[in-house]
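In: got a sequence here, can you model it:
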Amino acid sequence: MNVWLVIAIACLAAYALKLSGYFVPAGVLERPRIARTADLMTVGLLAALVATQTLTAGAALVLDARVPAVVLAGVLLALRVPFIVVVLAAAGAAAGLRALGWLG
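Out: Next comes the predicted model:
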């Protein structure tokens, strides 16, 4: 099977899945349990993405300058610091730790 055919099939499947959301009746989405589940799934998926991008390099588990940068970002977000300041502080922390040779 050609690689481009697999990519095209995956694209069509993703589009069909997204399109199917328009056919769900509004009454179903307004149920409290469904709405809460959808909200919690979003948070869980975002947390999994952040953890994966922070703690892995390829197939290996790594602890490098990204970990303290994400921790710093979490603390600043908890303190309700403006988002641009959070991003700049986390990037500066990671760059500083790498420049000093700490945590690669």
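
In: which other residues reach the least confident helix or strand in the chain by mean pLDDT?
Out: Lowest mean confidence among the helices and strands of the chain (mean pLDDT, DSSP states H and E): helix 26-29, at a mean of 88. Contact with helix 26-29 is made by 34-35, 38, as judged by CB atoms under 8 Å, 6 or more residues apart in numbering. Every C-beta, even on glycine, is put in place using the N, C-alpha and C of the backbone.

In: dump those into JSON lines; add neighbour count, secondary structure and distance to residue 56 as well.
Out: Output for these, formatted as JSON lines (neighbours: other CB atoms under 10 Å; DSSP: H, G, I helix; E, B strand; the rest coil; distance: CB to CB, whole Å):
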{"residue": "34", "neighbour count": "13", "secondary structure": "helix", "distance to residue 56": "32"}
{"residue": "35", "neighbour count": "12", "secondary structure": "helix", "distance to residue 56": "32"}
{"residue": "38", "neighbour count": "10", "secondary structure": "helix", "distance to residue 56": "27"}
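
In: of the residues you listed, closest to residue 93?
Out: residue 38 (33.4 Å; CB to CB).
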